[in-house]
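Visitor: any chance you can model this:
(chains A and B)
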Amino acid sequence: MSKIILIAWISFKEGVRNKALYGVFLLGLLLFTANIVITGMFSWELGKVAVDIGLSVVSFSGLVIIFFLSINAVSNDLEGKTVYLILSRPINKFQYILGKYLGLALIIMLSSSILGSCAALSVKLATYGSEAYIPLHFSWSTFFLGLVFLTLSLLLVLSMALFWVCITTHPFTAVLLSIVSYFIGQNVENVKNIITSSKMFVDNAVLTKVIDYVSWIFPNLAAFDLKTTAAYGLPVHTPYLIWVAVYGLSYIGICLVLSVLIFERRELA
Amino acid sequence: MKSKTVIMLIPLIGLLVFFNGVSRLAIKETRKGIALNYSLSVNPLPPDLIKIFAGEFKGLAADYLLLELGSFMGSDQAIGSKNWEKISLAFDQTLQLDPYFQQTYIYVQGLLAWDGDMPEKAISLLDISRRHRPWDWRPGYYMGFDYYYFLKDYSKASEIFLDTAKIKGAPVLLAALGGRFAMKSGRTEAAIVLLKSMLEDPELDKEGEREISDRIAALRGVLLLENAVKKYKSRHNIYPPSLETLIEQGFIRQLPKNPYSDRYYYDKEAGQVFFDEIR
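Guide: Presented below is the predicted three-dimensional model:
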């Protein structure tokens, strides 16, 4: 366990030192400033627009970190043969994968905390003096709940990205596959709903079956999306949230186990 | 860097800044006309599919579409029927992306129902907001208004008004309006039942209680008189010439009390009874 933590800490420090991360934070801060300006263009429920923008920026920045920093960090280890230096020490391949994931996950959590706090601040500033135009049931607890589930979905995407890196080792292919998986994950539920409710597809048993299988293979990322709930303070049901959390954590677990299995079988020499 | 190179670079930068400034002004001048030719660019994708492209940023996409619509409407140009179709599609897409947003339904009512002369479309879109915002009485109020004012469908108007009046915080006026349109559409009995159930609301204040009780009393009077008119017609095959005839011929003992006036109003051509002069 200590070895996993050590690798996680090294990966985290490496990631934090990466100057591109500062670029992401800067982008986030610029967008939060824009939040105040854009929100001013609306006349009703300004709080909703501010939350929409705030949480979307957190999510977008997290995705940029995953697709362009995290995948690169692992691929560079594999392609640049740095991994040999690590694995020549008494460290197992599975410890390396889990450590790497934990380190990168820490970066995502750090990014979500910093940008999430900025998002909350931008919501506060954007709605300052316009309290009457904040949605009736808006609450900060739902806002932070939205942030927590958004972070969980980013951690899930990160585990998928790690899985693709372990399969391909090539950063570009891994990024491409991760983006496609993310896109499918975001829309699988929606597409399934359209297909099952549309008369056009009602007789297409093959398509229905395919989409059914896809929905079991790819994660339903839409389930983690509580931005609308947070923006309006819509009621949230605790059992539902628990199930979503269990679903997310178990999916992350599956991705990590598969990544370890693939990495174990990989010939590095 | 040598000082000679720096000296050479300074005029070059100055020259570049000059050209940049001039070209910027030229571009600005050319683009002035764009605002006049500004056209609404709405993706022709069916509303269902737009969600797929927006993914988790659907709230943001809805905000963008509304801004685009607001900016187009603000350009103050004449809008043809083709553009109204586009505007209607854009609202549809916005509501698919975020069915909760207040600004969307307020735009829908202001633009589609009034300016675009598309009350049916406005009603169908307002219904989406109404279903997603059970705490908000305004979408239902707008729907009821559109049914009454644009479509002259008093039955639907009364149904929506009475349903919306049950929402916490809704003005008592909605119940009164619902009762009026129910009477106009021959649903007086149903309106009385609904209004009576509203009287049981513990949060109803004294003023609201009085308004609803008055409306129930007025509707009861209308119902009693209309039933007597119907009986008279079935016996004599014509409507009675006045409400007093009903007393004279023993259909009723006396005229019921009207909380709004000293009498009831009667249209002898149509056999309809009203509690005030508004038809």
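
Visitor: give me the most central residue, chain A.
Guide: In chain A, the residue lying closest to the centroid (Cα atoms, centre = their mean) is A:L154, at 1.3 Å.

Visitor: what packs against the helix or strand it falls within?
Guide: For A:L154, the host element (DSSP states H and E) is helix A:140-168. Here helix A:140-168 touches helix A:46-64, helix A:71-79, helix A:93-126, helix A:171-197, helix A:227-232, helix A:238-265, going by 3 or more Cβ pairs under 8 Å, 6 or more residues apart in numbering or on different chains; DSSP states H and E. Placement of C-beta: from N, CA and C, glycine included.

Visitor: average pLDDT across it?
Guide: Averaging the model's pLDDT scores along helix A:140-168 yields 94.

Visitor: what residues of that helix count as buried?
Guide: The neighbour-count criterion (16 or more other Cβ atoms under 10 Å in any protein chain shown) identifies A:142-143, A:145-147, A:149-168 as the buried residues of helix A:140-168.

Visitor: what lies in contact with stretch A:242-256?
Guide: A:97-98, A:101, A:149, A:152-153, A:155-156, A:159-160, A:162-163, A:219-220, A:223-224 (Cβ atoms under 8 Å, 6 or more residues apart in numbering or on different chains).

Visitor: swap the cut-off to 10 Å and go again
Guide: Outside stretch A:242-256, the residues that touch it by Cβ atoms under 10 Å, 6 or more residues apart in numbering or on different chains are A:94, A:97-98, A:101-102, A:105, A:148-149, A:152-153, A:155-164, A:166, A:181, A:185, A:218-221, A:223-224, A:226, A:237.

Visitor: which bits of the stretch 151-279 of chain B sit near chain A?
Guide: B:G169 (Cβ under 10 Å from any Cβ of the partner chain).

Visitor: now the helices for the stretch 151-279 of chain B?
Guide: According to DSSP state H, counting those that start in this stretch, the stretch 151-279 of chain B carries its helices in the segments B:154-165, B:172-184, B:188-199, B:206-236, B:243-248.

Visitor: which ones are touching the residue of the stretch 1-150 of chain A at minimum distance from chain B?
Guide: Closest residue of the stretch 1-150 of chain A to chain B, Cβ to the nearest Cβ: A:D52 (3.9 Å). Contact partners of A:D52, counting by Cβ under 10 Å, 6+ apart, are A:35, A:38-39, A:123, A:227-228, A:230-231, B:57-64, B:98, B:101.

Visitor: skipping its backbone neighbours, what lies nearest it in space?
Guide: Leaving out its chain neighbours, the residue that sits closest to A:D52 by Cβ to Cβ, 6 or more residues apart in numbering or on different chains is B:G59, at 3.9 Å.

Visitor: okay, now A:F32: neighbour count?
Guide: 23 (other Cβ atoms under 10 Å in any protein chain shown).

Visitor: what parts of the stretch 101-250 of chain A come near chain B?
Guide: Residues of the stretch 101-250 of chain A lying near chain B (Cβ under 10 Å from any Cβ): A:133, A:135-137, A:150, A:153, A:182-183, A:185-188, A:190-191, A:193-194, A:197-198, A:221-222, A:224-225, A:227-232, A:234.

Visitor: what pLDDT, on average, does the helix or strand harbouring the residue nearest to A:D52 get?
Guide: Here B:G59 sits within helix B:58-74, counting by DSSP H and E. For helix B:58-74, mean pLDDT is 87.

Visitor: and if you look at stretch A:65-83?
Guide: When pLDDT is averaged over stretch A:65-83, the result is 83.

Visitor: got the buried residues for it?
Guide: Burial within stretch A:65-83, assessed by neighbour count using 16+ other Cβ under 10 Å, is assigned to A:65-67, A:69-75, A:77-78, A:83.

Visitor: quick check: the residue of the stretch 151-269 of chain A nearest chain B.
Guide: A:Q186 (4.0 Å).

Visitor: and for the closest residue to that residue other than its chain neighbours, the neighbour number?
Guide: Once flanking residues are discounted, A:Q186 sits nearest to B:G55: 4.0 Å by Cβ to Cβ, 6+ apart. For B:G55, the neighbour count with other Cβ under 10 Å is 18.

Visitor: do A:F218 as well
Guide: 19.

Visitor: quick one: contacts for it?
Guide: Contacts of A:F218 (Cβ under 10 Å, 6+ apart): A:160, A:180-188, A:251.

Visitor: again, but for A:D225
Guide: The contact partners of A:D225, by Cβ under 10 Å, 6+ apart, come to A:55, A:59, A:146, A:149-150, A:153, A:186, B:55-59.

Visitor: okay if I get those residues as a markdown table plus distance to B:F251?
Guide: Compiled in a markdown table, those are given as follows (distance: Cβ to Cβ, whole Å):
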| residue | distance to B:F251 |
| --- | --- |
| A:L55 | 68 |
| A:S59 | 72 |
| A:G146 | 65 |
| A:F149 | 68 |
| A:L150 | 70 |
| A:S153 | 72 |
| A:Q186 | 69 |
| B:G55 | 68 |
| B:E56 | 68 |
| B:F57 | 68 |
| B:K58 | 62 |
| B:G59 | 62 |
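
Visitor: go through those residues and say which is closest to B:F275.
Guide: B:G59 (47.0 Å; Cβ to Cβ).

Visitor: where does chain B dip in pLDDT?
Guide: For chain B, residues meeting the criterion pLDDT under 70 lie at B:1-2, B:32-39, B:76, B:279.

Visitor: centre-most residue in it?
Guide: Centre of chain B computed as the mean C-alpha position; nearest residue by Cα atoms, centre = their mean is B:Y142, 2.1 Å away.

Visitor: which element, helix or strand, includes that one?
Guide: Per DSSP H and E: helix B:138-149 holds B:Y142.

Visitor: next, the angle from that helix to helix B:172-184.
Guide: Using axes from the mean of the first three to the mean of the last three Cα atoms, to 10 degrees, the direction of helix B:138-149 lies 30 degrees away from that of helix B:172-184.

Visitor: show me what helix B:138-149 is packed against.
Guide: helix B:102-107, helix B:119-132, helix B:154-165, helix B:172-184 (3 or more Cβ pairs under 10 Å, 6 or more residues apart in numbering or on different chains; DSSP states H and E).

Visitor: want to throw these into TSV with mean neighbour count and distance to A:S43?
Guide: Formatted as TSV, the helices and strands packed on helix B:138-149 follow (neighbours: other Cβ atoms under 10 Å in any protein chain shown; distance: least, Cβ to Cβ, whole Å):
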stretch	mean neighbour count	distance to A:S43
helix B:102-107	24	6
helix B:119-132	21	16
helix B:154-165	23	23
helix B:172-184	23	24
